[in-house]
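>>> Here is my input; please provide its structure:
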Amino acid sequence: MDRFPFRGAVHRVRTRWRSSLYLRVVATTLALSMLVVVVLGQILIGRITSGLLDAKQRASLVEAQAGLNQAQALITASGEDNSEKNQSLVQQIAVELARGGQGTPRLYDVLLLSSSASLLQRGSSTVTEASVPPELRDAVQSEGVLASTFTEIVYSDGRTPVPGFAVGAPLSVPGLGTAELYYLFPLTQEQQTLDLVRRTLLFAGLVLVVLLGWISWFVTRQVVDPVRYAASIAEEFSAGRLSERMKVKGEDDLARLARSFNDMAASLEIKIGQLEDLSRVQRRFVSDVSHELRTPLTTVRMAADVLHESRDEFDPATARSAELLQTQLDRFEALLADLLEISRFDAGAAMLDSAPGDLRDAVTSVVEALSPLAERSHTEIRVHVSPEPATAEYDPRRVDRILRNLLANAIEHGEGHPIDISVASSTEAVAIVVRDHGTGLRPGESSLVFNRFWRADPSRVRSIGGTGLGLPIALEDARLHSGWLQAWGAPGDGASFRLTLPRFGGVEITDSPLPLEPVDAKKGRRMPLSVGAGVSSQGRGQDSLDA
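A predicted model of the protein is given here:
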C-alpha cells in the first residue's frame, strides 16, 4: 500500500503547473489579487473601526460630562446637609440619568458606585458592578477626574455581555463624601456596522478576485492560443509535414509572428527539399559507384592474386609491387564494403538477424582474432568479465564488427599501453567497455569520432589501414539494436568506448551496467605501463570489474 497516497496527485499538479501557461498566469493573478484584497480589506477595516470608535468615544465623553455636570449641579442646588436626604437625592439623580439612555437599542446605562457604606450602590437595574473595570475605578478614586476605557458590559438579567465604552467621574455629595458616577455605552451598533462592512468587503473582494481571474484568463487566452497554435504547427513541421502553415489574422504583433513563421517554414521547406534531393543523389551515387566498382575490382583482384602468388619468380622490385597491390586491393575492398553498408543504413534497408547469445563469448572471439595485431604492436589485452552470463538477443555479425572496430582502434591509438575490456550485465542491459591508455581525445572529440571519415590527427601515420567508416558503422549497428555506443577520452589519459545493448529486443534501456568514464581516470592516476604481447585473462570474478 502506498504510504503517500497524495504523491501521484501532487506530481500531476506539478506537471500541469510546469506545462500550462494558462494555469500559471491565472493562478498567479488569483493569488496576487487575493493578497491585495486581504491587505486592502484589513486596512479599510482598521480605518473604519478606528473612525467609529473615535466618534463613539467623543460622543460618550460629551454625554458623560453633561450628565456629571447636571448631577453635580442638582446636588449643589439642593443645599441639603442631611445625609439621608442627599443619599435619596443622589440615587434619584442616578435613576433619572439612566432614563435618558432609554431607546431601541439602549443608548447607555448609568451606574452609581461608592466605597462608602453610607451610599447604596444603585444605577441602571440591568447592569452589574462587574461592568466597570478595576483600573477605571482606581483612576476615578485616586485622581478624582473624568476617566474612560473600553470594557465589557455585563447584564444582570442573563443577557450575553457586549463590548462597551465606560466613562467615570467622581461626584461630591455633602455629608456623605464622594460617589462614583459611571456611564456605560454599549458598542452594539458599531459592532453591527463593522460586521456589515466586513461582509460587504468579503463579497466585493470575492467578486473582484473572480473578475480578475476571468480577465487574466481571457487576456492570456488571446496571447497563448496563437502561441500554442504556432507550437502545434512547429511540431507538425518537425514531424515531416512541411506544408503546414499558421493562419494570419489582423495586423498586430501575433499576425506578424505568424507571417514570419510562415516565411521561415517556406524557406526551410525549400532548403530541406534541396538537402533531401542532394542526400538522395549522394546515396544513390555511393550505392551505384560501390556496385559498379565491384565488377572491375573482381577482375583486378583475380589478376593481383595471380601476380601475388608468382611474386617469388619476380625481381625484388616487382615482387614488392605485387605485395603492395594486394594490400591496397584489400583496403579498397574494405572501403567498398563499408560504403555499401553505409548506403544500406542511409536507405533504411539494414536488418537485424538477432539470436540469443553470451557477449562474453563474442569478446573472447574478437580478442583471439586480433591477438596477432596486438602482438605486432606489443600491446597487452586484459579481459575483465563478471561471473554472471552476459546474455542478450543480438546480431552476432554486427556486434562482432562493433567489437573489432573498437579493439582495432584501441590497439592503433594505445601506443603499446595495455587495453582493458570489461563486460557486465544488469536486469535490462549488457555493456562492454574497451579502454586504452594512449593519446586520448581532446575536449569535444568524443562526439566527433563517430563522424564519417573523421580523424583526430590527420598527420599521424597509421599502422592499421582504416577507411574512416568503422566507428560510424559501429554506431549505426548499435542503434539498430536500440543500444548505445558512447566515447570518453582525455589528453594523455587514453579513451574509453562503451557499448550498451538491451538484453531483450525492443526494450528501451535507461542505464548501463558499466561507467563510461574509467575509475582510474576519476582518481587522476594512469594505469602502469605493461610492455608485452598477447591476451591475459584476469578471471571471471566480480573484482576484475574494478580495472
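>>> quick one: the helices in this protein?
Under the criterion DSSP state H, helices of the chain are mapped to 7-19, 21-78, 83-99, 134-143, 188-238, 253-309, 316-347, 359-369, 371-376, 396-413, 445-448, 470-480, 519-522.
>>> got TSV for the ones you listed, with mean pLDDT too?
Listed next are the helices of the chain as TSV, based on pLDDT from 0 to 100:
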stretch	mean pLDDT
helix 7-19	76
helix 21-78	84
helix 83-99	72
helix 134-143	85
helix 188-238	84
helix 253-309	76
helix 316-347	76
helix 359-369	90
helix 371-376	88
helix 396-413	88
helix 445-448	78
helix 470-480	85
helix 519-522	64
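>>> among those helices, which is nearest R159?
Comparing these by their distance to R159 (CB to CB), the top pick is helix 188-238, with 10.9 Å. Where you see a C-beta, it was placed from the backbone N, CA and C, and this is true even at glycine.
>>> The closest one vs helix 253-309, what angle?
Put simply, helix 188-238 runs at 40 degrees to helix 253-309, going by axes from the mean of the first three to the mean of the last three CA atoms, to 10 degrees.
>>> Within its local environment, how many residues does I215 see?
13 (other CB atoms under 10 Å).
>>> And it, how far from W17?
For I215, the distance to W17 equals 21 Å [CB to CB, to the nearest Å].
>>> swap in L373?
Distance, L373 to W17, by CB to CB: 58 Å.
>>> Mind checking which of the two has more residues around it?
Neighbours of L373 and W17, each counted by other CB under 10 Å, are more numerous for L373; the result is 16 against 11.
>>> hmm, back to that, would you reformat the helices of the chain as CSV and include distance to R106?
Putting the helices of the chain into CSV (distance: least, CB to CB, whole Å) gives the following:
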stretch, distance to R106
helix 7-19, 55
helix 21-78, 13
helix 83-99, 10
helix 134-143, 20
helix 188-238, 9
helix 253-309, 67
helix 316-347, 99
helix 359-369, 98
helix 371-376, 112
helix 396-413, 100
helix 445-448, 90
helix 470-480, 92
helix 519-522, 88
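>>> for those, which one sits closest to P170?
With distances scored as CB to CB, the stretch of the helices of the chain nearest to P170 is helix 134-143 (5.8 Å).
>>> What is that closest one packed up against?
Here helix 134-143 is seen to pack against strand 147-153, strand 162-173, strand 177-186 when contacts are counted using 3 or more CB pairs under 8 Å, 6 or more residues apart in numbering; DSSP states H and E.
>>> looking at the ones you listed, which is buried most?
With neighbours taken as mean count of other CB atoms under 10 Å, those reach their highest mean count in strand 177-186, at a mean of 24.
>>> Show the average pLDDT along it.
Rounded to a whole number, the mean pLDDT of strand 177-186 is 83.
>>> quick one on the thing from earlier: among the helices of the chain, single out whichever gets nearest to P502.
helix 470-480 (10.8 Å).
>>> Buried residues in the closest one, which are they?
Along helix 470-480, these residues count as buried under the neighbour rule (16 or more other CB atoms under 10 Å): G470, L471, P472, I473, A474, L475, E476, D477, A478, L480.
>>> Over to stretch 298-305?
Of the residues in stretch 298-305, those buried by neighbour count under the rule 16+ other CB under 10 Å are R301, A304.
>>> Any idea how far it is from the middle of the chain?
Here stretch 298-305 shows a centroid-to-chain-centroid distance of 65 Å under the convention CA atoms, centre = their mean, to the nearest Å.
>>> try stretch 170-186
With CA atoms, centre = their mean, you get 73 Å for stretch 170-186.
>>> do the same with stretch 298-311
The offset between the C-alpha centroid of stretch 298-311 and the centroid of the whole chain comes to 67 Å, using CA atoms, centre = their mean.
>>> do the same with stretch 50-65
The gap between where stretch 50-65 is centred and where its chain is centred comes out at 58 Å by CA atoms, centre = their mean.
>>> Outside of it itself, list whatever touches it.
When contacts are defined by CB atoms under 8 Å, 6 or more residues apart in numbering, stretch 50-65 is touched by residues 108, 146, 148, 165, 167-169, 183, 185, 187, 190, 193-194.
>>> any chance of the residues you listed in JSON lines, with distance to L297 too?
Listed next are these as JSON lines, based on distance: CB to CB, whole Å:
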{"residue": "Y108", "distance to L297": "121"}
{"residue": "L146", "distance to L297": "124"}
{"residue": "S148", "distance to L297": "117"}
{"residue": "F165", "distance to L297": "114"}
{"residue": "V167", "distance to L297": "121"}
{"residue": "G168", "distance to L297": "123"}
{"residue": "A169", "distance to L297": "127"}
{"residue": "Y183", "distance to L297": "123"}
{"residue": "F185", "distance to L297": "117"}
{"residue": "L187", "distance to L297": "110"}
{"residue": "E190", "distance to L297": "108"}
{"residue": "T193", "distance to L297": "106"}
{"residue": "L194", "distance to L297": "102"}
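>>> Quickly name whichever of the residues you listed is closest to A31.
Top of the list for closeness to A31, among those and by CB to CB, is L194 at 27.1 Å.
>>> Save the helices and strands packed on helix 134-143 as JSON lines, and put in distance to L242 too.
Formatted as JSON lines, the entries for the helices and strands packed on helix 134-143 read as follows, by distance: least, CB to CB, whole Å:
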{"stretch": "strand 147-153", "distance to L242": "79"}
{"stretch": "strand 162-173", "distance to L242": "77"}
{"stretch": "strand 177-186", "distance to L242": "82"}
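>>> Nearest to T500 among these would be which one?
Of all those, it is strand 162-173 that lies closest to T500, at 77.2 Å by CB to CB.
>>> The closest one: how far from the chain's middle?
Averaging C-alpha positions (CA atoms, centre = their mean) puts strand 162-173 65 Å from its chain's average.
>>> same question, stretch 52-69
For stretch 52-69, the gap between its own C-alpha mean and the chain's C-alpha mean amounts to 63 Å (CA atoms, centre = their mean).
>>> can you check stretch 426-443 too?
31 Å.
>>> domain assignment for the protein?
The record assigns the chain these domain ranges, following automatic domain parsing: 19-230, 245-350, 355-458+465-546.
>>> okay, the ones you listed, which one's buried deepest?
domain 355-458+465-546 (a mean of 18).
>>> OK, contacts around the residue nearest to E517 when sequence neighbours are not counted?
If you skip the residues right next to it in sequence, E517 has W488 as its closest partner in space, 5.2 Å away by CB to CB, 6 or more residues apart in numbering. With CB under 8 Å, 6+ apart as the criterion, the residues that contact W488 are L441, S446, A495, S496, F497, R498, L516, E517, P518, A521.
>>> Relative to L471, how far out is W488?
Taken as CB to CB, the spacing of W488 relative to L471 amounts to 14 Å.
>>> Over to N69?
In this view, N69 and L471 are 110 Å apart by CB to CB.
>>> One more: A234?
Per CB to CB, A234 is found 33 Å from L471.
>>> circling back: so what's the residue nearest to E517 bridging to?
Here W488 sits in beta bridges with S496, as judged by DSSP bridges.
>>> Is A390 in contact with D358, as I believe?
Yes - A390 is in contact with D358 according to CB atoms under 8 Å; the separation is 5.8 Å.
>>> Dump stretch 32-42 to CSV, restricted to CA.
Once non-C-alpha atoms are left out, stretch 32-42 reads as follows in CSV (Å, rounded to 0.1, in the frame of the first residue of the first chain):
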residue,chain,number,x,y,z
LEU,A,32,-1.9,38.2,-6.0
SER,A,33,-5.5,39.5,-6.2
MET,A,34,-6.4,37.7,-3.1
LEU,A,35,-3.3,39.1,-1.3
VAL,A,36,-4.2,42.6,-2.4
VAL,A,37,-7.8,42.3,-1.4
VAL,A,38,-6.9,40.9,2.0
VAL,A,39,-4.4,43.7,2.7
LEU,A,40,-6.7,46.4,1.5
GLY,A,41,-9.6,44.8,3.4
GLN,A,42,-7.5,44.8,6.6
